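[1] below are the sequence and a predicted model for it; my questions follow.
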Amino acid sequence: MAQSIGAYNNVSVEPKEGVEINVRGLKKYFKEIKAVDGVDLQVKKGELFGLLGPNGAGKSTMIRMLTTVLTPDAGTAIIAGLDLRKQRVEIRKLLGVCPQEIVIVETLTAEENVTFVAQMHGIPTPLAKQAASRLLSQLNIAGRKDRAKNFSGGMKRRLNLAMALIHNPKIIFLDEPTAGLDPQARRLVWDFIRDLKNTGSTIILTTHDMVEADVLSDHIAIIDQGKIIAQGKPQELKEKFGTGNILEIQFLHQPDLDVVKEKLQTLPFITKVSDVGEQRVLVSFSGGLKNFVATLQQGIVEHINEVENISFRQNTLEDVFLHLTGRRLRE
Ligand SMILES: Nc1ncnc2c1ncn2[C@@H]1O[C@H](COP(=O)(O)OP(=O)(O)OP(=O)(O)O)[C@@H](O)[C@H]1O
Ligand SMILES: [Mg+2]
């Protein structure tokens with residue numbers, strides 16, 4: 001009997017309403033290296049899915065399998081209703097892929113590079129030129145009319161991005177789209193990606209930059225040593241695995257900690273009060289900013305005297321990664 005869609009060996013995955021990419025048991029080993037070691041994930045239609053992990057975690061290997069460049073050792077996926085194992089050509093047509101390694105023709109200009117890719121997609125030249133000009137100006141490289149070999153690394157990366165998107169793909173894979181960009185170019189690309197999200201495309205983005213993952217993603221999967229170790233909305237992850245949001249209170253004089261504790265611990269959401277010296281006290285909170293605001297409304301300042309300054313530090317995804325692995329994202 002013929003196997004149904006999404007079934008491969010003993011693994012099967014069903015098409016699911018609202019889910020653009022449904023991955024089950026995906027594996028890729030390179031000899032003893034378990035690059036991707038049994039990954040399940042679901043990417044909803046129209047969402048930006050961030051795959052966050054340190055160097056060597058398996059992000060690019062995941063992308064290569066989902067974009068049909070590499071054949072998985074085990075597992076499978078359904079992408080836009082198509083079977084990754086059996087409908088590679090059809091899947092390929094729906095994708096826009098910006099690989100981690102820059103692939104451009106150095107002897108062509110930026111516009112020529114983009115229109116060259118457009119031709120391969122069968123887009124008529126006048127339309128291709130229009131779209132290329134729009135993309136290049138959004139990415140702030142329209143001013144460069146010379147050959148791409150003269151471009152800086154950051155410009156080449158932005159050109160690579162334009163080339164991946166010229167055909168308005170329905171599903172977009174961006175492998176470390178801001179690697180090597182200066183802070184200004186990084187922000188420009190973030191804005192560009194946000195605009196891209198508004199067009200309704202589904203985007204899978206890899207990064208080892210926790211701020212990038214946090215600000216852009218609707219949903220994040222944290223990958224480490226080929227395995228997904230946590231996933232959820234950025235705020236959910238920070239609330240679940242973070243060390244707690246922290247309020248730092250700077251006093252005018254060294255306070256009596258017992259008195260401060262006694263007063264603060266009557267307030268909701270406060271989990272810990274600790275003295276860190278130099279007239280400073282750290283107050284740990286459960287939950288997010290909302291709880292902090294609720295506590296402020298209860299009049300935290302009125303409960304203690306002689307405060308010089310109060311600052312608030314929210315959990316970061318770095319805290320989440322540290323909590324889960326005992327390591328920092330960048331070591
Ligand atoms: N073609 C290959 N042959 C052998 N080993 C490979 C190959 N491709 C990847 N690997 C190994 O698989 C592991 C995962 O690599 P991968 O490139 O997927 O990581 P990554 O998360 O993308 O890392 P980075 O942030 O550095 O890009 C690494 O140990 C890597 O050395
Ligand atoms: Mg990579």
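    Right, received. Where do you want to start? Ligands and ions are numbered 1, 2, ... in the order given.

[2] next up, the contacts around whatever residue of the stretch 201-331 of the chain ends up closest to ligand 2.
    Residue of the stretch 201-331 of the chain nearest ligand 2, by CB to the ion: residue 206 (6.3 Å). Where you see a C-beta, it was placed from the backbone N, CA and C, and this is true even at glycine. For residue 206, the contacting residues are 50, 51, 52, 53, 59, 60, 62, 63, 100, 174, 175, 176, by CB atoms under 8 Å, 6 or more residues apart in numbering.

[3] just those residues: which are in helices?
    Assignment to helices by DSSP state H places the following of those there: 59, 60, 62, 63.

[4] quick one: which of those residues has the most company?
    The most crowded member of the ones in helices among the contacts of residue 206, judged by other CB atoms under 10 Å, is residue 62 (29 neighbours).

[5] that one contacts residue 26, correct?
    Yes. Assessed by CB atoms under 8 Å, residue 62 is found in contact with residue 26 at 7.1 Å.

[6] between those two, which contacts overlap?
    36, 39.

[7] where does the chain dip in pLDDT?
    1-5, 243-244, 287-289, 295-305, 331 (pLDDT under 70).

[8] just want the most central residue of it.
    Central residue of the chain (CA atoms, centre = their mean): residue 50, 2.8 Å from the mean position.

[9] spatially nearest residue to that one, not counting backbone neighbours?
    residue 217 (3.3 Å; CB to CB, 6 or more residues apart in numbering).

[10] gap between residue 92 and residue 7?
    To residue 7, residue 92 is 21 Å away according to CB to CB, to the nearest Å.

[11] hang on, the earlier thing: please report the distance of the residue of the stretch 201-331 of the chain closest to ligand 2 from residue 325.
    In terms of CB to CB, residue 206 sits 17 Å off from residue 325.

[12] for the stretch 51-200 of the chain, what lies in contact range of ligand 2?
    Contact residues (CB under 5 Å from the ion) of the stretch 51-200 of the chain with ligand 2: 59, 60, 100.

[13] tell me, how many residues neighbour the residue lying closest to the last one once chain neighbours are set aside?
    Closest residue to residue 100 apart from its sequence neighbours, by CB to CB, 6+ apart: residue 175 at 4.1 Å. Neighbours of residue 175 under the rule other CB under 10 Å: 22.

[14] same question for the one 10 residues further on.
    Neighbour count for residue 185, taken as other CB under 10 Å: 19.
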